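>>> Sharing a sequence plus its predicted fold:
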Amino acid sequence: MEKEEKSVIEAISETLAQAIGDEKFTLPLAAWQTKSPASDRINAAYAEEIKAYRKAPPSPCNKATSLKLLKRFARKDFHDFWTAPVAEYLPAVSEGTMKLCETVYPHDEAIRYAKELISTLSPKELAKDFLYGVAHNAPEYRTALACYYYIKNLPEHEFAKKWVGQALNQDGEWVDRYNETCCTVCGYSHTVSTELKMQFWHINMDMECFYFDGRMGRSSLNTAIVYLEEYKKLPRPKHSLTDYEYFKQIIEIIENTPQNMTSGKLRRELKQSGLLTMTVDQIEVLINTLGYLDILHSDDSHGMVFAHTCEKDILYPLSDRGYAEHPVNRWTRKCGIDYNSIATLFDGIYE
């Protein structure tokens, strides 16, 4: 597998090298930091683009056009984006939907800022927005509720390097391994790519998830902050008790599935019901969110509404055939539906 993967990377690298007239270099995949001359030139060119943008930014386009540009960006292969100008996306940056770079605070400052951020929000309004987002397939309204509770239940703590598993040392002993830049309690990463163009990639992939999937990464304080900041800019939707009734119909469909129904199979069940206008991928994200909100979970695996779960304590799925994230990755219909969580989140919010 490693040889095959390496050959693919080398082939793409050679293709890119020909495209930019340079010797072969390592493809800068999103998780990598590259040191190649080609990478330096690409980022230098990007820096010039941004300098020109800041001197004379293009007029902002309307929201619909911004979203089309964001979708076009997200569908572009990474290696194509890496060597292409970003000028076509800058009207969406002027409008505000797309961003130039990531914003990262020191760990303790990030937690303080996140707590201050949620203090300006109403859980009742967030709950109504979530239900509106489900009923009207508006993904951008579906993330904030889970983000709120993720931050609300973060314990007071200092930076604790993230545990990433165990490995054998030179003496043949199993030892813990850690990510030195990421906190195991809140998942916050206090470093960003030193490559400016990579930052453009990361932050706008987050924006794509926010506007088109409604995806909320369980263990990322970075993402929760970004999503709540973006959520606060959204126009206020027209809520209705009908939104809650629609949500209850979704719960009824889940309730009537067989006892051996898994979260992976539930995607297809909800799609085939004809009730939801979401794509299968969006339904998968919605199921994950029902886990985050403690509505679908097993007895030994919980979401984020009532307590915080450190990433080290997140349980793996019962099988490798599922699609869902913790805690719904261990859920089957026989685990039931947590109506106490539904009542806590949604009862009385329209009064």
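Perfect, thanks for sending it.
>>> Please tell me how far residue 312 sits from residue 117.
25 Å (CB to CB, to the nearest Å). From N, CA and C alone the C-beta is placed, and that goes for glycine too.
>>> Residue 317: how many residues sit nearby?
19 (other CB atoms under 10 Å).
>>> What residue, apart from its backbone neighbours, is nearest it spatially?
Nearest residue to residue 317, sequence neighbours excluded (CB to CB, 6 or more residues apart in numbering): residue 329, at 3.8 Å.
>>> Is that neighbour part of a helix or strand, or is it coil?
helix (DSSP: H, G, I helix; E, B strand; the rest coil).
>>> all numbers from here: first residue = 462
Taking 462 as the first residue, the last one we looked at is residue 790.
>>> Next, work out how far apart it and residue 745 are.
Taking CB to CB, one finds residue 790 at 11 Å from residue 745.
>>> Same check on residue 684?
Counting by CB to CB - residue 684 and residue 745 are separated by 17 Å.
>>> same check, this time on residue 701
Distance from residue 701 to residue 745, by CB to CB: 26 Å.
>>> Of those two, give the one with the bigger neighbour count.
A count of neighbours by other CB under 10 Å puts residue 745 above the other of residue 701 and residue 745, at 22 against 15.
>>> counting contacts, what elements does the helix or strand encompassing the more buried one pack onto?
According to DSSP states H and E, residue 745 maps onto helix 741-753. Helix 741-753 sits against helix 605-613, helix 724-733, with contacts defined as 3 or more CB pairs under 8 Å, 6 or more residues apart in numbering; DSSP states H and E.
>>> List the buried residues in it.
Using 16 or more other CB atoms under 10 Å as the test for burial, helix 741-753 gives 743-753.
>>> The residue nearest to residue 778 contacts residue 724, correct?
Yes: the criterion here is CB atoms under 8 Å, and residue 790 meets it with residue 724 at 6.3 Å.
>>> Output stretch 663-673 as CSV, nothing but the C-alphas.
Only the C-alpha atoms of stretch 663-673 are listed here, as CSV (Å, rounded to 0.1, in the frame of the first residue of the first chain):
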residue,chain,number,x,y,z
HIS,A,663,-8.0,25.1,5.4
ILE,A,664,-10.2,28.0,6.4
ASN,A,665,-12.3,27.9,3.2
MET,A,666,-12.8,24.1,3.5
ASP,A,667,-14.2,24.9,6.9
MET,A,668,-16.5,27.4,5.2
GLU,A,669,-17.6,24.8,2.7
CYS,A,670,-18.5,22.4,5.5
PHE,A,671,-20.4,25.2,7.3
TYR,A,672,-22.5,26.3,4.3
PHE,A,673,-23.1,23.1,2.5
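>>> buried sites along that stretch?
Buried residues in stretch 663-673 (16+ other CB under 10 Å): 663-665, 667-673.
>>> Same check on stretch 646-653?
Result for stretch 646-653 [16+ other CB under 10 Å]: buried residues 646-651, 653.
>>> and that stretch, what's its mean pLDDT?
Regarding stretch 646-653, the rounded mean pLDDT is 86.
>>> before we move on, back to that, how about CSV for the buried residues of helix 741-753, with distance to residue 507 and pLDDT added?
Shown next, in CSV, are these (distance: CB to CB, whole Å; pLDDT from 0 to 100):
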residue, distance to residue 507, pLDDT
743, 32, 95
744, 36, 95
745, 33, 93
746, 30, 94
747, 35, 96
748, 37, 95
749, 33, 94
750, 34, 95
751, 39, 96
752, 38, 94
753, 35, 94
